[in-house]
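In: Have a look at this fold, sequence not included:
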């Protein structure tokens, strides 16, 4: 089986993809790094690869809008499995700077915020510089000649050949990312999480009526997200995740939701690989 | 009055801020460009400026997560007014590069996302570089000697003396952005849109109960957004916008929502400047 993932090599998507193929009994699988989330999803859509692994939601940053929008608007694919990967922040620098005091520390604003207590206790007087990504932080440190340090990921330390000075420096250990295994054909599980998207009539109480259906069938809504319809401000498509122990109730709820929504797309019922 | 906005000069935030001060009767206002959304919000919080203008939601890309998360978690501020600005993206470069193939295209991540289809069809193999603002993208192109192009605003093309190669390259022509005028003290309007954030108990039907309250008071929910609680996957804070013609009903609905939610933050009732 050909399995694509969001590359380059060393990304968290690759870590998720490796975890996924290790869980498969069939050993005959090939991992393929692709440049963009859209490349992965379109390659599945066009039958070039069999499955794909893409990031979907981070416990701090929230939903990866690009993945969600593509599943809603651009491709007709199904979710086969969810893979949860813990996210770990590391202080890193060039080999020659190990043991020195950082002159500046570079990272993404969210990563700096997530390591605020560590930085305040270890480096209270060191300037922190916000950059657009953790990967860019590692690149800046690699290319500099100063005693610059980065807060970045293990894969980035390998890509840019940096030494990890301290690992797991985030203030909270509850930083995880959900990845999805996406396929062309529906392979719904008998139990697990169900994901679907829908739009309602644009009038008061429309969403309330939909949640009423979930309530009738004892469905546990675990996530709701609104995404703009893209044609005007104030019109949304809703994405929901829900769990329902009774498979018949779940199928009845889905049938009723389909009847009572304008746009409707079932994305799959699937298990979680932790 | 000192009014801060997300700078530098030439951003859509400046266009919104200018539109705002033009609507004020008092002419004695000073516009101040600040580097980041957090700089604007913190300057209001600390009393350095009186009000701030920040981007909040785009009709294609959805909510500006950073602004929403800051209003939820970092500062205690109120929304005074909403300003809606039509968004037009332009591909621009230095006069000598017009007609050449771009080596790299620079812009803000949201702008690149809003021109995703245009870029994929016209420049599928050109590297796109994310920078902190559209204005910075124009500045980089101005100062470079390479065949660099920027996606930026009309005012930025004038400030940096760049030629517009193609105008209106966004994927949808219904591209508008909501900006918020944010203040330290509550200045709620008697009518208009109401925004608030809350969390519910983490059990089945919790959100349904909240929407039930809105239904009781004939409130029209116009937007619902979930943001991660940041301590574990699957726990959310909800942001809602709603409209309610009857002011007493609105106040009763807010009172009841406050009673029935765990975390609750009222952000304001405000009008829209179109």
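Out: Thanks, I have the structure now. Keep in mind it's a predicted model, so treat the numbers as computed, not measured.
In: So which residues of the stretch 51-200 of chain A form strands?
Out: A:51-58, A:62-63, A:78-86, A:90-93, A:104-107, A:127-130, A:148-152, A:163-167, A:176-183, A:193-198 (DSSP state E, counting those that start in this stretch).
In: Is any residue of the longest one near chain B?
Out: Pointing back at strand A:78-86 there. Yes: interface with chain B: strand A:78-86 contributes residue A:84 (CB under 8 Å from any CB of the partner chain). Using the backbone N, CA and C atoms, a C-beta is placed for each residue, glycine as well.
In: what's that strand packed up against?
Out: Under the contact definition 3 or more CB pairs under 8 Å, 6 or more residues apart in numbering or on different chains; DSSP states H and E, strand A:78-86 sits against helix A:12-23, strand A:51-58, strand A:176-183, strand A:264-273.
In: strand partners of that strand, parallel vs antiparallel please.
Out: Paired neighbours of strand A:78-86 in the sheet (DSSP bridges): strand A:176-183 (antiparallel), strand A:264-273 (parallel).
In: how about JSON lines for the helices and strands packed on strand A:78-86, with mean neighbour count added?
Out: Formatted as JSON lines, the helices and strands packed on strand A:78-86 follow (neighbours: other CB atoms under 10 Å in any protein chain shown):
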{"stretch": "helix A:12-23", "mean neighbour count": "19"}
{"stretch": "strand A:51-58", "mean neighbour count": "24"}
{"stretch": "strand A:176-183", "mean neighbour count": "23"}
{"stretch": "strand A:264-273", "mean neighbour count": "18"}
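In: now these in JSON lines, with mean pLDDT?
Out: Output for the helices and strands packed on strand A:78-86, formatted as JSON lines (pLDDT from 0 to 100):
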{"stretch": "helix A:12-23", "mean pLDDT": "90"}
{"stretch": "strand A:51-58", "mean pLDDT": "92"}
{"stretch": "strand A:176-183", "mean pLDDT": "94"}
{"stretch": "strand A:264-273", "mean pLDDT": "95"}
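In: okay if I get these as CSV plus distance to residue B:212?
Out: Shown next, in CSV, are the helices and strands packed on strand A:78-86 (distance: least, CB to CB, whole Å):
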stretch, distance to residue B:212
helix A:12-23, 38
strand A:51-58, 27
strand A:176-183, 29
strand A:264-273, 23
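In: residues near residue A:216, how many?
Out: By other CB atoms under 10 Å in any protein chain shown, the residues close to residue A:216 number 12.
In: that older thread, would you list the strands paired with strand A:78-86 in a markdown table and tack on distance to residue B:246?
Out: Listed next are the strands paired with strand A:78-86 as a markdown table, based on distance: least, CB to CB, whole Å:
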| stretch | distance to residue B:246 |
| --- | --- |
| strand A:176-183 | 41 |
| strand A:264-273 | 33 |
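In: Which one of those strands lies nearest to residue A:84?
Out: Closest of these to residue A:84 is strand A:176-183, at 5.4 Å (criterion: CB to CB).
In: helix, strand or coil for residue A:40?
Out: Secondary structure, DSSP: H, G, I helix; E, B strand; the rest coil: residue A:40 is helix.
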